[in-house]
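**Student:** fold the stuff below for me.
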Amino acid sequence: ECKVTIDWIHSEKIDERNIEERLQGLKGILVAPGFGNRGIEGKIAAIQFAREKKIPFLGICFGMQFAAVEFARNVLKLKDANTTEVDAQTKNPVIDIMESQKSITRKGGTMRLGEYACALTKGTKASHIYGRSKITERHRHRYEFNNDYLKRFEENGMTAAGTNPETNLVEIIELKNHPFFIGVQFHPEYKSTVENPHPLFVKFVRAAMEQK
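**Tutor:** Below is the predicted model of the structure:
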């Protein structure tokens, strides 16, 4: 029951010099799915802006992965943190290719596709949004959060709000002490319709409406 005005911003056109001017006035920031190295520093700058300015943020797939990269760089002070999709030589691969993919050389049709279970962490925003402890969501990715860094993330306020019960793959990250800062490895848009919008989108818009 509200009108959503979308301001499409190409991440190649923003950086630390113009980020304040370009993003000021936005009530919410969504970093969408993608791949490759185009515009990644703009994505990271936008995520940092949302995190520090307490603007509601939703990151989907690539957006979630770069939320992890931004947090690692600017909170954990791992300045070279990256995804191995972009920098295969990074010493801090907070996002890395899935173990099941490392031996694959012919990539066609080998992505993690389809619907998978996700166990939600009790007491998180994600668990309140869904209203249950276990969900299923659809995926399309080859890289994942590197659990070697999970303890450091959680010690500094970034929680694994949802994980796959079989592989322990982190499906949802969530920032404490923030109005709404959620990144999801899956694609909620695949299960969202006009008549039945996905709860993540509904709550994201609601959080944006509540911005003063």
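**Student:** when you work out contacts or count neighbours from here on, use the C-alpha atoms and nothing else.
**Tutor:** Noted.
**Student:** would you mind giving the secondary structure of the residue nearest to the spatial centre of the chain?
**Tutor:** A centroid search over the chain (Cα atoms, centre = their mean) returns residue 64, at 1.5 Å, as the residue closest to the centre. With DSSP: H, G, I helix; E, B strand; the rest coil as the basis, residue 64 sits in helix.
**Student:** quick one: contacts for it?
**Tutor:** Contacts for residue 64 (Cα atoms under 8 Å, 6 or more residues apart in numbering) come out as 31, 58, 172, 173, 182, 183, 184, 185.
**Student:** so which of those are in strands?
**Tutor:** Counting by DSSP state E, the contacts of residue 64 place 31, 58, 172, 173, 182, 183, 184 in strands.
**Student:** Serialize these to a markdown table and add fields for neighbour count.
**Tutor:** Below are the ones in strands among the contacts of residue 64 laid out as a markdown table (neighbours: other Cα atoms under 10 Å):
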| residue | neighbour count |
| --- | --- |
| 31 | 22 |
| 58 | 25 |
| 172 | 26 |
| 173 | 27 |
| 182 | 27 |
| 183 | 28 |
| 184 | 25 |
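**Student:** what about the strands in the protein?
**Tutor:** With DSSP E as the criterion, the chain has strands at 29-31, 57-60, 82-83, 93-97, 112-120, 134-141, 143-145, 158-163, 170-175, 181-184.
**Student:** need the residues that contact the fourth one.
**Tutor:** The contact list for strand 93-97, computed with Cα under 8 Å, 6+ apart, reads 65, 68-69, 72, 81-85, 142-149.
**Student:** same thing but 10 Å
**Tutor:** 65-66, 68-69, 71-73, 78, 80-88, 102, 141-150 (Cα atoms under 10 Å, 6 or more residues apart in numbering).
**Student:** buried ones among these?
**Tutor:** 65-66, 68-69, 71-73, 78, 80-85, 141-147, 150 (16 or more other Cα atoms under 10 Å).
**Student:** now stretch 48-57: buried residues?
**Tutor:** For stretch 48-57, by 16+ other Cα under 10 Å, it's 48, 49, 50, 51, 54, 55, 56, 57.
**Student:** quick one: contacts for the fourth one?
**Tutor:** So that's residue 51. 29, 45, 57, 67, 70, 71, 175, 178, 179, 180, 181.
**Student:** tell me, how many residues neighbour the fourth one?
**Tutor:** Neighbour count of residue 67, defined by other Cα atoms under 10 Å: 31.
**Student:** that one touches residue 75, doesn't it?
**Tutor:** No. At 11.3 Å, residue 67 does not count as touching residue 75 under the criterion of Cα atoms under 10 Å.
**Student:** list the residues that are in contact with both of these two.
**Tutor:** Between them, residue 67 and residue 75 share these contacting residues under Cα under 10 Å, 6+ apart: residue 48.
**Student:** can you give me the helices in the protein?
**Tutor:** Under the criterion DSSP state H, helices of the chain are mapped to 19-23, 40-53, 62-74, 125-130, 150-155, 199-209.
**Student:** enumerate every residue touching residue 159.
**Tutor:** By Cα under 10 Å, 6+ apart, the neighbours of residue 159 are 121, 124, 150, 151, 153, 170, 172, 173, 174, 175, 176, 182.
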